[in-house]
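Peer 1: Fold the following.
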Amino acid sequence: MKQSLNNHSKTKAQTTGGPLKQMRQRPKNGRNDDMYGNIESGRGGGNRGGGMSSHDANANIMEQQNNDRINELSDQVARLKGLTIDIGNEVREQNSLLDNMGDGFSNVGDMLTGSLARMGSMLERGGAKHMCYLVAFVVFVMVFLYWLVR
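Peer 2: Numbers count the residues shown, from 1 in each chain. This is a model prediction of the structure:
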């Protein structure tokens, strides 16, 4: 009986050409892309006509952002590598300068030790007269330096 009702409604709608013909029919493939101006393609409606779904678009945007961030990080790593190389070179130069200064100070120390030894032997041989000359010379140098600074 149901089958006869269905057949009866179909035949009646087909014969009358009533409101069913006036309504827009759904596409046979089950998609509403053409009916709604391809609005649903953004909601996973498919890739018809080269369009991409919102999931694919979001994935592409995220991938592009990740690639941009990776490029920024690689630039920063390259800058840091350059800085560490420069710091290493600077440390090597400073170490060589410090070594040279240490050698220079040890040479000056040796010279001062030798000078003091010679002054001591001179004072022992010469007596009080050489000691007076030495004190006068030191006082003269101090006064001269004071006069230059003033």
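
Peer 1: May I have the residues that are in contact with the closest residue to residue 131 other than its chain neighbours?
Peer 2: Closest residue in space to residue 131, ignoring its immediate chain neighbours: residue 123 at 6.0 Å, by CB to CB, 6 or more residues apart in numbering. C-betas here are computed from N, CA, C, even on glycine. Contact partners of residue 123, counting by CB atoms under 8 Å, 6 or more residues apart in numbering, are 130, 131, 134.

Peer 1: Lowest-confidence one in those residues?
Peer 2: Within the contacts of residue 123, residue 130 has the lowest pLDDT, namely 73.

Peer 1: Now do the contacts for it.
Peer 2: With contact set as CB under 8 Å, 6+ apart, residue 130 has these partners: 122, 123.

Peer 1: try the one 4 residues further on
Peer 2: Neighbouring residues of residue 134 by CB under 8 Å, 6+ apart: 119, 123.

Peer 1: Figure out the helix or strand that it lives in.
Peer 2: helix 128-149 (DSSP states H and E).
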